[in-house]
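# Structure of the sequence below:
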Amino acid sequence: MKNKLRMGMVGGGIGAFIGGVHRIAAAMDGEIELVCGAFSGNPEKSRASGAELGLAPDRCYEHFEEMIRREKRLHPDKRMQFVSIVTPNHLHFAPAKLALQNGFPVICDKPLSFNMKEALALEKLVAQSGLIFALTHNYTGYPMVKQARQMIRHGELGPIRKVVVEYPQGWLSTPLEQSGQKQADWRTDPARSGIAGAMGDIGTHAENLAEYITGLQITELCADISTFVPGRRLDDDGNVLLRFENGAKGILHASQIAAGEENNLNIRVYGEKGGLEWRQMEPNTLLVKWLDRPTQVYRTGVGPLYPEAQAHARIPAGHPEGYLEAFANIYRNFARALRAQAAGEMPDPMLDFPSVRDGVRGMRFIEKVIESGKSKQKWVKF
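Numbering: from 1, shown residues only. Model (predicted):
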């Protein structure tokens, strides 16, 4: 039986939302185990978090710098083999940089960093080190997203003409950050979130999904950015016109003040021959609409599907697979890429995951959306 890959975690302590998601996803396929962590900027909370997770006291660190340096000194058979970073945006860069400098691959929550300068520095460091870096744009892990991508790659829809991607949420329709709610507090704080609010938090997911499914890059955009809740310091709503490299046009809408919406990420892509539609809240279904024949309904686990889609389904058709499983696909694929690299082999290209390059694209998107939103000229090069 192969040994599990040993993971260290930065952030994700008691009370954190995304840390638990990462730990569940990492453990789902039995290929990864959590062995150490620096779970909070508060040393006492970090130790308490590690104890709650059943870690040995000497592997619960007070700071990520201590974790990385002490783990590096351990015997190769004991030390962590990669670092998972699950902190707010402004705390991504420093641990990622130090991990890479000390020979540890990284899997990091999105967006890649606090600003563009940090993103480019990480991209350069990944290239210099040769280490594997993954970004958890987890929506790319859904089987039906893989199916949509492959159908477009194989030309089934014909040349792509139109992309409509939306990510409406309603949880910030009121000034929730003023209540002390942790997630709202840091996501609306420019000192921790960066220059964007909704567009950085969920707009980047929409941008990444559009480029991933279509295989096309955005070349220009025109943004209308708004802050509706009085006193809020960052955007909570945005509408963006897109131009893609092949001449296709697009619309991207992201909002956290769409009252009544939960997590309604969805995308529609239209080609010359037909279009497709996928919704995150009904993730096991992909609709494909044709110009000259009835609509087809594709379902996770029900053939015929492209191998890339089938490889990311775990259980028989009709048993729902969702957010956690898609997240787990990123971790599993990352783990298998690490194993392949260690064995001197090429990773299976079918088992893909977002990279540092996708992270740089996301940071550029944030930068250009805010630039366009503040500009009277509007259209900016991406």
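# mind giving me the domain ranges of the protein?
5-131, 140-315+360-381 (automatic domain parsing).
# any idea how far D236 is from L221?
19 Å (C-beta to C-beta, to the nearest Å). Bear in mind the C-beta positions are built from the backbone N, C-alpha and C, glycine included.
# Isn't P57 up against G50?
Yes. At 7.5 Å, P57 counts as touching G50 under the criterion of C-beta atoms under 8 Å.
# Check what pLDDT the residue located most distally from the centre of the chain gets.
Distance to the chain centre peaks in the chain at D292, reaching 36.0 Å (criterion: C-alpha atoms, centre = their mean). Looking at D292, its pLDDT reads 92.
# what's the answer for S46, then?
For S46, pLDDT reads 95.
# So it sits against G13, correct?
Yes. If you go by C-beta under 8 Å, S46 and G13 touch, sitting 6.1 Å apart.
# Identify the contacts common to those two.
Counting by C-beta atoms under 8 Å, 6 or more residues apart in numbering, the common neighbours of S46 and G13 are F39, S40.
# part of a strand, is the residue farthest from the centre of the chain?
No. Assigned with DSSP: H, G, I helix; E, B strand; the rest coil, D292 falls outside any strand and is coil.
# backbone phi and psi for it, please?
phi -130, psi 20 (degrees, to the nearest 10).
# And for D224?
phi -120, psi 110.
# so who does it touch?
Contacts of D224 by C-beta under 8 Å, 6+ apart are G238, N239, V240, G373.
# Most neighbours of all those, which one?
G238 (27 neighbours; other C-beta atoms under 10 Å).
# do you know how far it is from A326?
The value you get for G238 to A326, if C-beta to C-beta is used, is 24 Å.
# what are the ranges of the strands in the protein?
5-10, 32-38, 82-85, 106-108, 133-135, 160-168, 218-226, 237-244, 249-255, 266-271, 274-279, 285-290, 296-299, 380-381 (DSSP state E).
# Mean pLDDT lowest where, among the ones you listed?
strand 380-381 (a mean of 91).
# partner strands of it, parallel or antiparallel?
strand 218-226 (antiparallel) (DSSP bridges).
# got the angle for the strand it pairs with vs strand 249-255?
Angle between the axes of strand 218-226 and strand 249-255 is 40 degrees (criterion: axes from the mean of the first three to the mean of the last three C-alpha atoms, to 10 degrees).
# Run the angle between strand 218-226 and strand 160-168 for me.
Using the same axes, to 10 degrees, strand 218-226 lies at 30 degrees relative to strand 160-168.
# For strand 218-226, buried residues please.
I218, L221, C222, A223, I225 (16 or more other C-beta atoms under 10 Å).
# now those in TSV, with distance to Y167?
Shown next, in TSV, are the buried residues of strand 218-226 (distance: C-beta to C-beta, whole Å):
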residue	distance to Y167
I218	15
L221	15
C222	18
A223	14
I225	14
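# wait, which of the residues you listed is closest to G19?
Among these, I225 lies closest to G19 (C-beta to C-beta), at 29.7 Å.
# Give the closest residue to that closest one in space, chain neighbours not counted.
By the measure of C-beta to C-beta, 6 or more residues apart in numbering, the closest residue to I225 outside its immediate chain neighbours is G373, 3.2 Å from it.
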